[in-house]
Structures are given as structure tokens and as C-alpha cells.
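In: When you get a sec, could you give me coordinates for this:
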Amino acid sequence: MSTAAIRDNYSRVATTYDGKWADVLAVHARAVADRLSLGEARRVAEVGCGPGRLLSHLAELAPQAEVIGADLTEAMLRQAPAQFARVVADAQALPFRAGVLDAVVMPFVLFHVPDLPAALAEVRRTLVAGGSFAAVTWSGHDPHPAYDVWVRVINDFRAPPDPSPQMPSNDTTSDPVELRIALQDAGFVSVEITVERFHHQPTAAEFLAHSQVIGAMARRIDLLPADRRAECLVAAERELSGLAPEAFVESGTVLYSTAVAS
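Out: Got it, this is the predicted structure:
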């Protein structure tokens with residue numbers, strides 16, 4: 001997926017994304033930010049801030065700092081709290097001078113980046129020596145019966161393949177060993193990576209609403225003609241209604257990464 005395709009995708013879903021799913025991810029964003037010592041920080045940026053769920057928490061952790069929200073998608077930034085500085089930015093070419101940031105936080109972003117080494121090098125460039133970095137990335141996924149049903153129904157309706165293939169960076173960001181190496185190659189030291197559990201239990205209605213907005217299956221169903229899409233959603237709702245509540249649990253592992261700019 002190109003940078004332009006990522007921008008277009010998140011522009012389309014910005015309003016819907018700024019809801020329960022953003023709140024679910026924010027739990028992990030806050031948890032990894034809590035691992036940083038930001039009491040003396042003067043300038044802190046969240047790169048890939050989306051609707052800005054983390055910005056107020058960063059302001060609490062860094063009471064002396066200017067907190068900046070940066071995102072590739074202007075539509076996402078419009079959802080973020082207006083009291084914070086916000087800037088449209090590509091993680092691979094950040095609009096900050098070298099050595100001006102005391103900390104950068106990137107929850108659930110790195111696996112979206114087409115050129116991961118370039119993005120990590122840019123983060124390192126903008127940080128002061130000794131500056132802090134934190135990220136959360138997906139790692140492993142447990143069996144998810146509701147998702148399997150969703151995929152089967154979409155396949156039954158012959159939805160075209162996902163036009164946006166998985167980023168190659170995901171192979172690195174989901175593996176703690178490979179991610180450590182990538183961070184060290186970019187000029188980070190004191191790299192700490194822990195495997196944490198992820199758990200989310202939506203209702204059937206919440207699952208179906210979310211699955212029409214985010215992810216590969218959402219992109220596939222968008223490619224169906226309007227009448228076929230409506231039929232597909234009716235079939236999916238019918239199939240999902242027969243599942244037990246535990247079938248909708250989304251769980252697995254995420255990686256919490258922290259590092260220091262050398």
C-alpha cells in the first residue's frame with residue numbers, strides 16, 4: 001500500500017474510526033507512554049496520532065511540554081483535541097528540525113509505514129540525544145470465529161481481493177527480535193520490547209459495524225456493487241447472529257517497544 005493509499009483509506013474512515021475502536025487502542029497507547037520519563041520533556045510528539053486519544057495523557061505525563069499531534073491524514077487531525085498543536089506529516093519525512101523533540105510516541109503506526117527504516121531514521125533524527133521513543137505494534141492473533149464467518153460470507157459473494165496488500169514492514173514490527181534490530185540499526189539504544197495481551201469483546205452489531213470500516217475485508221466489500229454489498233451485509237448479519245458472544249472476542253498479542261536515541 002502506498003502512502004497515498006494509506007492517506008485515502010484513513011480519510012474515508014476518519015469519522016467512524018474516532019469511536020470505540022480508537023478507545024480500545026488508546027488503552028495500549030497510554031500504557032506504553034507510561035513507560036517513558038517525560039517529567040522534564042519540553043516537546044513531545046505523537047506521530048500517527050489519528051483522532052488524538054493519547055494527546056491529553058501525554059500532556060499529563062509531560063506537564064512542561066508542548067504536545068504535538070502529527071498524522072498523515074488531515075481528516076483524522078480534525079478529530080483531535082484543538083488545544084494541541086497538530087500537523088499533517090508523513091512518518092518517512094517528518095516536518096521537524098533535527099534534535100527538537102524530547103520524545104516520540106507511535107502507537108499502532110509502524111506496520112503501516114511503507115519504508116520502515118526511513119521512518120525510524122526520521123524519528124531518530126528529530127529526537128535529542130537521550131530522547132525517548134515508544135511504539136505499540138501488532139504481534140499475534142488468536143482464533144476469531146466471527147471474523148472467519150465474515151470472511152466466508154464475503155468470499156461467497158465473490159468480493160474482489162484486497163487492493164491494498166499487507167505492508168512488508170509488518171514482518172518486522174510483529175517480531176520482537178527483528179524489531180529490536182531495526183531500532184538499533186536506526187540509532188536507538190536501551191531497546192526494551194515486551195509482549196502484552198490484547199483483548200476486546202464487541203457485540204455482534206459493533207463487530208459488523210467495525211468490520212465494514214477498518215481492514216482488508218472492509219476494503220473488499222467496498223468493491224462490490226451497491227446491491228451486492230447490501231445483500232452481503234444482510235447475509236453476514238444473519239450468519240453472525242447465530243454465534244455465541246465469545247465468538248466475537250478479538251484477542252492476541254501486541255509488542256510494547258521503548259528505546260532511547262543514542
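In: mind listing what's buried in the longest strand along the chain?
Out: In the chain, with assignment by DSSP state E, the single longest strand is strand 127-141. For strand 127-141, the buried set under the neighbour-count rule, 16 or more other Cβ atoms under 10 Å, comprises Leu127, Val128, Gly131, Ser132, Phe133, Ala134, Ala135, Val136, Thr137, Trp138, Ser139. All C-beta spots, glycine's among them, are computed from the backbone N, C-alpha and C.
In: Show me what the helix or strand following that strand is packed up against.
Out: Sequence-wise, the next helix or strand downstream of strand 127-141 (DSSP states H and E) is helix 145-156. With contacts taken as 3 or more Cβ pairs under 8 Å, 6 or more residues apart in numbering; DSSP states H and E, helix 145-156 sits against helix 204-211, helix 216-222, helix 226-240.
In: Taking helix 204-211 as reference, get the angle to the longest one.
Out: Yep, that's helix 226-240 we're talking about. 140 degrees (axes from the mean of the first three to the mean of the last three Cα atoms, to 10 degrees).
In: other SSEs contacting helix 226-240?
Out: Counting by 3+ Cβ pairs under 8 Å, 6+ apart, helix 226-240 packs on helix 145-156, helix 204-211, helix 216-222.
In: Quick check, Ser139 in contact with Ser251.
Out: No. In this structure Ser139 lies outside contact range of Ser251 using Cβ atoms under 8 Å: 11.7 Å.
In: picking up where we left off before, partners of the longest strand of the chain in the sheet?
Out: Partners of strand 127-141 in the sheet, by DSSP bridges, are strand 101-107 (parallel), strand 250-261 (antiparallel).
In: just so I know, which of those lies nearest Val177?
Out: Taking Cβ to Cβ, strand 250-261 is the member of these nearest to Val177, at 10.7 Å.
In: Average pLDDT for that closest one, rounded please.
Out: What strand 250-261 shows for mean pLDDT is 98.
In: the inter-axis angle of it versus helix 145-156?
Out: 100 degrees.
In: Please export the C-alpha coordinates of stretch 82-99 as PDB.
Out: What follows is stretch 82-99, C-alpha atoms only, in PDB (Å, rounded to 0.1, in the frame of the first residue of the first chain):
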ATOM      1  CA  ALA A  82      -8.000  21.500  19.300                       C
ATOM      2  CA  GLN A  83      -5.900  22.700  22.200                       C
ATOM      3  CA  PHE A  84      -2.900  20.700  20.900                       C
ATOM      4  CA  ALA A  85      -0.600  21.600  18.000                       C
ATOM      5  CA  ARG A  86      -1.500  19.400  15.000                       C
ATOM      6  CA  VAL A  87       0.400  18.900  11.800                       C
ATOM      7  CA  VAL A  88       0.000  16.800   8.700                       C
ATOM      8  CA  ALA A  89       3.100  14.700   8.500                       C
ATOM      9  CA  ASP A  90       4.500  11.600   6.800                       C
ATOM     10  CA  ALA A  91       6.500   9.500   9.200                       C
ATOM     11  CA  GLN A  92       9.000   8.900   6.500                       C
ATOM     12  CA  ALA A  93       9.700  12.700   6.200                       C
ATOM     13  CA  LEU A  94       8.800  14.400   9.400                       C
ATOM     14  CA  PRO A  95       8.400  18.200   9.300                       C
ATOM     15  CA  PHE A  96      10.600  18.800  12.400                       C
ATOM     16  CA  ARG A  97      14.100  20.100  12.600                       C
ATOM     17  CA  ALA A  98      16.800  17.700  13.800                       C
ATOM     18  CA  GLY A  99      17.000  17.200  17.600                       C
END
